[in-house]
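> this is the structure alone, sequence omitted:
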């Protein structure tokens, strides 16, 4: 595992870091060199990762999962809810769909 550092900030641990002319490609995500200035790459291990970086990644993951859930609820569960309201299907069908979506997009705790 490697980390990308500027003079004032660590950009966290990455499995791969590739230097290109105008950017760093870190785990297939672009970081423009002009945004970070001079940077260096160092080897790290899991013990090195500060708790706040792990918390940051967890929060970003959970926010992404929340967006995925919201989209799935709108496309898949909401139509079933309205069918339940009309009496077309049993309430359990909708509850099962909600549980399926939660299982598909779990949160990190």
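Sure, I can see it. In this text, all values refer to a predicted model and were calculated from it rather than measured experimentally. Numbers count the residues shown, from 1 in each chain.
> next up, the contacts around residue 26.
Residue 26 makes contacts with 4, 11, 14, 16-17, as judged by Cβ atoms under 8 Å, 6 or more residues apart in numbering. Where you see a C-beta, it was placed from the backbone N, CA and C, and this is true even at glycine.
> among the residues you listed, which has the minimum pLDDT value?
On pLDDT alone, residue 11 ranks lowest of those, at 75.
> chain neighbours aside, what residue packs nearest to that one?
Spatial nearest neighbour of residue 11, excluding adjacent residues (Cβ to Cβ, 6 or more residues apart in numbering): residue 4 at 4.2 Å.
> from residue 94, how far off is that neighbour?
Residue 4 is 46 Å from residue 94, where distance means Cβ to Cβ, to the nearest Å.
> could you do residue 8 as well?
50 Å.
> and for residue 43?
50 Å.
> name the residue in these two with the higher neighbour count.
residue 94 (20 against 8; other Cβ atoms under 10 Å).
> and the helix or strand encompassing the more buried one, what does it pack against?
Element membership for residue 94 (DSSP states H and E) is helix 91-104. For helix 91-104, the packing partners by 3 or more Cβ pairs under 8 Å, 6 or more residues apart in numbering; DSSP states H and E come out as helix 51-72, helix 78-86.
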